[in-house]
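> Got a sequence here, can you model it:
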Amino acid sequence: MPPAPLGPGTTAYLAYIYASLRDVHPELGIDDILTASGRRYLRLAETSCVFAFERELQGVGVGDWFTRPLAERPRFDATVRGYMGMPEDGFDRPFFMGHGSRDTDVPYGGTAEYVEVLRRNGEPVTFRTYDADHSGTLVQSQQQTIPFVRRLFAGGGG
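Take a look at the predicted model:
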């Protein structure tokens, strides 16, 4: 069970991830530890668009979807890292990342940790934080992202 209640956006993303893991990595045995609620929501994740799905997930807890912790599945951590891991080095062009401090869909802490790894590895990342939620970040970031991309297309660095 997550340490804090998750919003419906994060819950939807987790359902999409679990449903895809179940499909791509059946050896994890996710079906073996799903509750009736888990089966229902992962089945919905296979066909639902995010906004309608989020409405379905109001007040739904991910912790109620499993009879046992997923981390107990053999090779779960390694499989998830291999399946979903973000590259931490090898970028050959500057890139921009922005994240909203009020984003309840994608936890800010995970992005901040990832950016620190990129910086330690000397990767060409430009990172900005915005006082916005998930969708508002796109709008607010355009003052920086549009000139950033224009410089790249003009042959300059980010």
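
> Which residues belonging to stretch 140-151 are considered buried?
141, 145, 148 (16 or more other Cβ atoms under 10 Å). (C-beta placed from N, C-alpha, C; glycine too.)

> Tabulate those residues in CSV, adding columns for distance to residue 134 and secondary structure.
Converted to CSV, the buried residues of stretch 140-151 look like this (distance: Cβ to Cβ, whole Å; DSSP: H, G, I helix; E, B strand; the rest coil):
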residue, distance to residue 134, secondary structure
141, 12, helix
145, 16, helix
148, 20, helix
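
> Spatially central, which residue of the chain would that be?
Central residue check for the chain by Cα atoms, centre = their mean: the C-alpha nearest the mean position is that of residue 106, 5.6 Å away.

> Next, the distance between the ends of stretch 23-35.
17 Å (Cα to Cα, to the nearest Å).

> what's next to stretch 59-68, contact-wise?
1-2, 5-6, 8, 11, 14-15, 18, 33-35, 37-38, 41-42 (Cβ atoms under 8 Å, 6 or more residues apart in numbering).

> Pull out the buried members of the residues you listed.
Buried residues within the contacts of stretch 59-68, counting neighbours by 16+ other Cβ under 10 Å: 6, 8, 11, 14, 15, 18, 33, 34, 38, 41, 42.

> The fourth one is in contact with residue 6, isn't it?
The one in question is residue 14. Yes - using Cβ atoms under 8 Å, residue 14 makes contact with residue 6 at a distance of 7.4 Å.

> what does the domain assignment say about this structure?
Domain assignment for the chain by automatic domain parsing gives 8-84, 95-153.

> From the chain's centroid, how far away is the first one?
I take that to be domain 8-84. Mean-position distance between domain 8-84 and its chain equals 13 Å (Cα atoms, centre = their mean, to the nearest Å).

> May I ask which helix or strand encompasses residue 12?
For residue 12, the host element (DSSP states H and E) is helix 8-24.

> for that helix, which positions count as buried?
Quick answer for helix 8-24 (16+ other Cβ under 10 Å): 8-16, 18-19, 21-22.
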